[in-house]
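Chemist: Build me a model:
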Amino acid sequence: MTIAILKEPINETRVSLLPEAADTLTKQNIVVNIEKNAGALAYAPDELYQSKNIRIAERTEILNASDIILTIQPLSQEEITALKTNAILIGIYQPLFNYQFIKQLAEKNITAFSLDMMPRTTRAQSMDVLSSQANIAGYKAVLEAANIYPRYFPMFMTAAGSIKPARVLILGAGVAGLQAIATARRLGAVVEVFDTRPAVKEEVMSLGAKFIEVEGAADASKAGGYAVEQTEEYKQRQQQKIAASVAKADIIITTAQIPGRKAPVLITNEMLDSMKPGSIIIDLAAATGGNTLQTKNNETVKYKNITIVGNSNLAATMPGDASKLYGKNVLNFLQLIITKEGNINLNFEDDIVAGCCITHGGKVVNERVGGLIDKLIG
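Modeler: Residues are numbered from 1 along each chain as shown. Below is the predicted model:
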């Protein structure tokens with residue numbers, strides 16, 4: 001059996017497996033190929049892979065001949081055509097948004113596993129790519145804000161006068177949000193946090209931040225750790241609370257996303273108008289529309305002396321550790337579909353395997369994705 005590691009698109013610095021992780025597969029009698037310079041931006045040159053008996057191959061060969069192909073970003077339409085029938089593709093494909101891509105995979109009879117659809121269960125934690133990468137994103141979001149912000153983060157008392165600490169507002173207390181809280185507190189900021197899930201209050205407060213409570217939130221206990229859609233009445237109360245905190249904030253980190261939906265707009269233009277000149281917003285939900293009306297994905301926007309950074313891929317700014325963590329997630333998942341002898345065994349009785357599988361046998365097998373494709377493109 002052959003497993004191949006593809007080089008990612010030009011704006012993606014991570015690689016699916018670093019040499020040490022890939023070496024684990026070679027010890028299972030699996031042939032591992034990697035595209036030339038695939039790990040270069042993650043500081044893993046071809047020589048390191050070759051020292052682990054991993055063969056450097058051309059992209060065309062990898063696409064045409066591999067049994068399992070590891071990527072992070074989706075492939076192009078031409079590359080899907082080049083894949084051999086029944087090949088297995090593993091990556092982060094956002095199938096609820098990239099439905100055209102998913103439809104093409106089904107038509108080519110490719111089995112695709114999208115690791116961002118990983119069930120949020122205790123057993124799946126070691127394979128949860130969203131959590132491992134969000135941790136990095138939350139950390140880097142605060143550092144990015146500190147780098148742009150024209151003032152200090154911590155309080156300073158000097159002979160020339162006192163400097164007040166920066167006020168940081170974090171919208172969303174998932175993995176990224178919690179790491180952002182911890183990082184901002186380490187830098188000496190005063191931190192407020194909003195989340196629709198009351199259950200996260202204790203975690204927020206344990207990190208030294210203030211939790212902004214809004215009564216009447218919809219029950220998210222059965223949403224697998226994700227946020228859920230709220231009522232209009234709740235949204236009105238929510239906006240009033242957020243508006244008061246936005247006006248006081250120097251830095252805002254937004255992370256709020258709902259799977260399969262456009263990111264909720266939490267910061268209106270009126271709220272932006274109330275912010276102090278020089279304030280910073282780092283929007284981690286930019287790829288799905290952003291949490292402000294002014295956010296543009298992969299762009300930094302100036303709005304009335306406020307800087308809005310739209311970046312949903314901050315993990316790629318730390319490619320070494322991001323690749324290491326992603327690779328460990330991938331290895332743990334591969335152990336569910338590969339036998340100890342190095343053969344493919346797709347056990348769809350396993351809830352993790354079934355949960356991540358989007359296409360198989362020429363069909364879209366994920367009901368939610370399939371229903372969306374039928375509705376939008378037929």
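Chemist: Please count neighbours and contacts with C-alpha atoms only from this point.
Modeler: Fine.
Chemist: centroid residue for the protein?
Modeler: Leu130 (4.7 Å; Cα atoms, centre = their mean).
Chemist: ok, that one to Ala166 distance?
Modeler: 29 Å (Cα to Cα, to the nearest Å).
Chemist: The residue nearest to the centre of the chain belongs to a strand, doesn't it?
Modeler: No - counting by DSSP: H, G, I helix; E, B strand; the rest coil, one finds Leu130 to be helix, located in no strand.
Chemist: show me the contacts for it.
Modeler: Going by Cα atoms under 8 Å, 6 or more residues apart in numbering, Leu130 touches Asp116.
Chemist: could you show me where the strands are in the stretch 151-300 of the chain, in order?
Modeler: Using DSSP state E, counting those that start in this stretch, the strands of the stretch 151-300 of the chain run over residues 156-158, 161-163, 167-171, 190-194, 210-212, 251-254, 280-283, 299-303.
Chemist: Mean neighbour count and mean pLDDT added to those strands, as CSV?
Modeler: Shown next, in CSV, are those (neighbours: other Cα atoms under 10 Å; pLDDT from 0 to 100):
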stretch, mean neighbour count, mean pLDDT
strand 156-158, 10, 90
strand 161-163, 11, 91
strand 167-171, 27, 97
strand 190-194, 24, 96
strand 210-212, 18, 94
strand 251-254, 28, 98
strand 280-283, 28, 98
strand 299-303, 15, 96
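Chemist: Any chance of JSON lines for the ones you listed, columns distance to Gly289?
Modeler: Output for these, formatted as JSON lines (distance: least, Cα to Cα, whole Å):
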{"stretch": "strand 156-158", "distance to Gly289": "37"}
{"stretch": "strand 161-163", "distance to Gly289": "36"}
{"stretch": "strand 167-171", "distance to Gly289": "15"}
{"stretch": "strand 190-194", "distance to Gly289": "19"}
{"stretch": "strand 210-212", "distance to Gly289": "24"}
{"stretch": "strand 251-254", "distance to Gly289": "12"}
{"stretch": "strand 280-283", "distance to Gly289": "10"}
{"stretch": "strand 299-303", "distance to Gly289": "12"}
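Chemist: Let me see the contact set for Ser66.
Modeler: Counting by Cα under 8 Å, 6+ apart, Ser66 has contacts 2-4, 84, 87.
Chemist: what about 7 Å?
Modeler: Listed by Cα atoms under 7 Å, 6 or more residues apart in numbering, the contact partners of Ser66 are 2-4, 87.
Chemist: which one of these sits closest to Ile102?
Modeler: Within the contacts of Ser66, proximity to Ile102 (Cα to Cα) peaks at Ala87, which comes in at 14.1 Å.
Chemist: quick one: contacts for that closest one?
Modeler: Here Ala87 is in contact with 66-68, 110-111 (criterion: Cα under 7 Å, 6+ apart).
Chemist: How about residues contacting stretch 28-38?
Modeler: 1-8, 15, 26, 45-46, 54-59, 340-342.
Chemist: Buried among those? Need that as a selection in PyMOL.
Modeler: If you want just the buried ones from those in PyMOL, going by 16 or more other Cα atoms under 10 Å, the selection is:
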select buried, resi 2+3+4+5+6+7+8+15+26+45+46+54+55+56+57+59+342
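Chemist: Okay, and which of the contacts of stretch 28-38 map to strands?
Modeler: Cross-referencing the contacts of stretch 28-38 against strands under DSSP state E gives 2-5, 55-57.
Chemist: TSV please, covering those residues and showing distance to Gly370 and pLDDT.
Modeler: Output for those, formatted as TSV (distance: Cα to Cα, whole Å; pLDDT from 0 to 100):
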residue	distance to Gly370	pLDDT
Thr2	29	96
Ile3	27	98
Ala4	28	97
Ile5	28	98
Arg55	37	97
Ile56	36	97
Ala57	34	96
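Chemist: which among these gets closest to Gln238?
Modeler: Ile5 (44.6 Å).
Chemist: Isn't that closest one up against Ile68?
Modeler: No - applying Cα atoms under 7 Å as the test, Ile5 and Ile68 come out as separate, 8.8 Å apart.
Chemist: Could you give the backbone dihedrals for Leu334?
Modeler: phi -60, psi -30 (degrees, to the nearest 10).
Chemist: And the pLDDT for it?
Modeler: With respect to pLDDT, Leu334 scores 98.
Chemist: Could you report the neighbour count for Leu266?
Modeler: Each residue near Leu266 was counted by other Cα atoms under 10 Å, and the total is 19.
Chemist: What separation do you get for the residue nearest to it when sequence neighbours are not counted and Arg55?
Modeler: Counting by Cα to Cα, 6 or more residues apart in numbering, the nearest residue to Leu266 once its immediate chain neighbours are dropped is Asn291, at 5.3 Å. The gap separating Asn291 from Arg55 is 44 Å, by Cα to Cα.
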